[in-house]
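Engineer: Show me the folded form of this:
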Amino acid sequence: MKNILKKSAILLSSLLYFNSFVFADTNSNKKDIVFIVVDDLNDWIGVMGGHPQSKTPNLDALAARGTLFTNAHCNAPQCGPSRLSFLQGLYPKSTGKYFNSPKKMPFYKDQPLKGITSKNPPKKPFDFHKHFMKQNYRVVSGGKVQHGGVIKNIDEFFPRPKEVAHFTDDRVNLWGEGGPQNLKDSETGDYKTAQWAIKQWNTKSDKPLLMSVGFYRPHRPFNVPVKYFNKFPLESIQLPVRPEFDDLADLPEYGKALARSNAHKDLFAPRTVHEHILHLGGEDEWKYMIQSYLACINYVDTQIGLFLEALKNNPRGNDTVIILTGDHGWNLGEKEHWCKAALWRNTTRVPYIVVAPRIAKPGSINNQPISHVDIYPTLCDFAGVNKPKHLEGTSILPLLKDPNAKRDVAYLSYGPENTAVQSERYRLISYEDGSNELYDHQKDPHEWTNLSSNPEYAHIKKSMIQKVKNFEYK
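Structural biologist: So this is what the prediction gives:
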């Protein structure tokens with residue numbers, strides 16, 4: 001009787017699982033799929049032009065092989081909620097996670113800092129690793145893919161390697177961390193992650209492969225071998241472009257407060273992070289921070305390049321699809337803001353490169369608004385497997401097949417009532433106190449001019465505010 005009940009329970013569980021699917025949009029054969037996520041990588045890669053001195057030959061070469069999405073964004077500008085969104089295919093309002101560790105800042109009003117705010121949240125969502133295991137894929141994951149913990153019940157898991165110090169000198173940066181290291185690449189964490197990924201890629205299997213790999217740099221601490229720092233001489237470093245006027249002057253008070261905050265931390269009160277950098281050493285200290293970030297980007301590009309080279313030799317003979325992105329953007333003094341944790345373009349914009357053989361034309365550039373919730377359904381379409389019904393994103397496969405296809409907007413959250421709406425051209429930021437910012441990226445890519453009070457843009461503002469209302473708490 002017990003065996004009968006056990007088998008019945010297993011059968012019922014399977015029926016419930018498969019009843020949660022919708023059909024995929026493609027009837028393609030099974031493909032090997034590689035998903036790469038880079039921690040704290042903003043648009044400072046060569047092909048995106050985020051900084052003129054950035055050196056990313058491997059990411060640039062990958063973009064030349066596939067499609068570069070230039071208007072891609074995280075759904076929440078911090079590691080934990082961002083990664084949960086792409087792992088589960090859900091907006092923060094349905095995961096209940098908006099911040100890494102919520103702390104009520106003085107300028108916050110009454111919005112909740114955690115918890116599900118969606119009126120119809122999905123029940124028991126599962127991440128794409130579990131889904132692909134059920135689809136008879138070999139599933140492996142290594143490095144930092146989710147924010148803390150381990151990805152369970154997969155074929156192979158590799159935790160992020162521990163950090164090693166061995167600095168070249170006693171200089172420390174803003175956070176008291178050393179920079180250049182007397183280390184070989186082989187002694188560093190992302191090199192070890194790349195080598196693990198190469199080993200897994202070369203492991204033959206009768207099953208198609210889903211691999212997720214998370215590279216840690218340029219996340220703090222800005223520690224990489226000294227040779228990468230040497231590529232960016234300190235005296236030659238260019239600071240981010242700045243307007244000749246006060247960039248914060250036309251922001252609402254809420255936006256000004258957000259610019260002065262740092263991920264819910266008052267690190268150097270009464271100074272902000274940016275003010276403290278200038279206090280420590282003026283523009284020279286700022287340049288050192290820029291140099292460190294550029295060095296880390298070049299380092300991680302090199303490690304990713306090792307893995308990409310291995311991918312060219314496919315031991316299974318299947319087509320290989322590659323998706324590479326960052327978990328969120330990063331400010332380095334733009335709007336006097338540092339790190340993540342805001343809703344401006346620099347803070348949410350991420351590299352998003354897709355290599356899809358026989359689907360998209362190599363070297364394509366697409367500026368349609370997409371976000372991380374679109375990753376899960378896209379992986380399903382590439383694999384030709386059914387999509388779980390709980391997904392809130394939309395596959396980008398139609399954009400790859402038809403360069404003229406359009407998308408409406410992407411929604412980005414930093415709290416349930418701090419919402420950004422990104423269209424192909426415009427961004428509206430709506431704060432919980434009812435204030436707004438509006439930017440025209442075609443004319444103002446750096447977001448220096450807030451158009452929220454400009455009567456010429458009133459109709460655009462009205463339309464995008466309505467989109468915010470339709471999104472929040474729905």
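Engineer: Downstream of the helix or strand harbouring residue 296, the next helix or strand is which one?
Structural biologist: Here residue 296, judged by DSSP states H and E, is contained in helix 273-311. Counting by DSSP H and E, the next helix or strand C-terminal to helix 273-311 is strand 320-326.
Engineer: Tell me the buried residues in that next one?
Structural biologist: The neighbour-count check on strand 320-326 (16 or more other Cβ atoms under 10 Å) flags 320, 321, 322, 323, 324, 325, 326 as buried. The way it works is simple: take the backbone N, C-alpha and C, and place the C-beta from them, glycine included.
Engineer: List the contacts of the last one.
Structural biologist: Spelled out, it's residue 326. Applying Cβ atoms under 8 Å, 6 or more residues apart in numbering to residue 326 gives the contacts 37, 38, 39, 40, 41, 42, 74, 350, 351.
Engineer: The closest residue to residue 150 other than its chain neighbours and residue 213: what is the separation?
Structural biologist: Spatial nearest neighbour of residue 150, excluding adjacent residues (Cβ to Cβ, 6 or more residues apart in numbering): residue 157 at 5.6 Å. To residue 213, residue 157 is 12 Å away according to Cβ to Cβ, to the nearest Å.
Engineer: May I have the beta-bridge partners of the closest residue to residue 343 other than its chain neighbours?
Structural biologist: The shortest distance from residue 343 to any non-neighbouring residue, by Cβ to Cβ, 6+ apart, is to residue 420 (4.2 Å). With DSSP bridges as the criterion, residue 420 is bridged to residue 412, residue 429.
Engineer: how close does residue 420 sit to residue 344?
Structural biologist: For residue 420, the distance to residue 344 - Cβ to Cβ - is 8 Å.
Engineer: Now do the shared contacts for the two.
Structural biologist: residue 429.
Engineer: which stretches of the stretch 301-450 of the chain have low pLDDT?
Structural biologist: Across the stretch 301-450 of the chain, nothing is flagged by pLDDT under 70.
Engineer: Please repeat the previous calculation with a cut-off of 80.
Structural biologist: Along the stretch 301-450 of the chain, the parts satisfying pLDDT under 80 run over 314-317.
Engineer: ranges for the strands of it?
Structural biologist: 320-326, 331-332, 338-339, 352-355, 364-366, 370-371, 387-388, 410-413, 419-422, 426-430, 436-440 (DSSP state E, counting those that start in this stretch).
Engineer: partners of the first one in the sheet?
Structural biologist: Strand 320-326 has the following strand partners under DSSP bridges: strand 32-38 (parallel), strand 352-355 (antiparallel).
Engineer: go on, the second one?
Structural biologist: With DSSP bridges as the criterion, the sheet partners recorded for strand 331-332 are strand 338-339 (antiparallel).
Engineer: before we move on, back to that, between residue 157 and residue 213, tell me which one has more neighbours.
Structural biologist: Neighbours were tallied for residue 157 and for residue 213 using other Cβ atoms under 10 Å; the higher tally belongs to residue 213 (26 against 15).
Engineer: after the host helix or strand of the more buried one comes which helix or strand?
Structural biologist: Assigned by DSSP H and E, residue 213 belongs to strand 209-215. As assigned by DSSP H and E, the chain's next helix or strand after strand 209-215 is strand 224-225.
Engineer: Can you name every helix or strand that that following strand contacts?
Structural biologist: Judged by 3 or more Cβ pairs under 8 Å, 6 or more residues apart in numbering; DSSP states H and E, the packing partners of strand 224-225 are strand 180-181, helix 273-311.
Engineer: rewinding a little: got a markdown table for the strands of the stretch 301-450 of the chain, with distance to residue 462 too?
Structural biologist: Listed next are those as a markdown table, based on distance: least, Cβ to Cβ, whole Å:
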| stretch | distance to residue 462 |
| --- | --- |
| strand 320-326 | 32 |
| strand 331-332 | 29 |
| strand 338-339 | 33 |
| strand 352-355 | 30 |
| strand 364-366 | 28 |
| strand 370-371 | 23 |
| strand 387-388 | 34 |
| strand 410-413 | 17 |
| strand 419-422 | 12 |
| strand 426-430 | 10 |
| strand 436-440 | 11 |
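Engineer: between those, which gets nearest to residue 129?
Structural biologist: Closest approach to residue 129 among those is made by strand 387-388 (12.5 Å; Cβ to Cβ).
Engineer: strand partners of the closest one, parallel vs antiparallel please.
Structural biologist: With DSSP bridges as the test, strand 387-388 pairs up with strand 21-22 (antiparallel).
Engineer: So for the partner strand, mean pLDDT?
Structural biologist: Mean pLDDT, computed over strand 21-22, is 52.
Engineer: Next, work out how far apart the residue nearest to residue 380 when sequence neighbours are not counted and residue 376 are.
Structural biologist: Distance criterion Cβ to Cβ, 6+ apart; nearest residue to residue 380, sequence neighbours excluded, is residue 387 at 4.4 Å. Counting by Cβ to Cβ, the gap from residue 387 to residue 376 is 8 Å.
Engineer: Pull the distance from the strand holding residue 213 to the chain's centre.
Structural biologist: Centroid separation between strand 209-215 and its chain, computed with Cα atoms, centre = their mean, to the nearest Å, is 15 Å.
Engineer: quick one, that strand and strand 32-38 angle?
Structural biologist: For strand 209-215 against strand 32-38, the angle by axes from the mean of the first three to the mean of the last three Cα atoms, to 10 degrees is 10 degrees.
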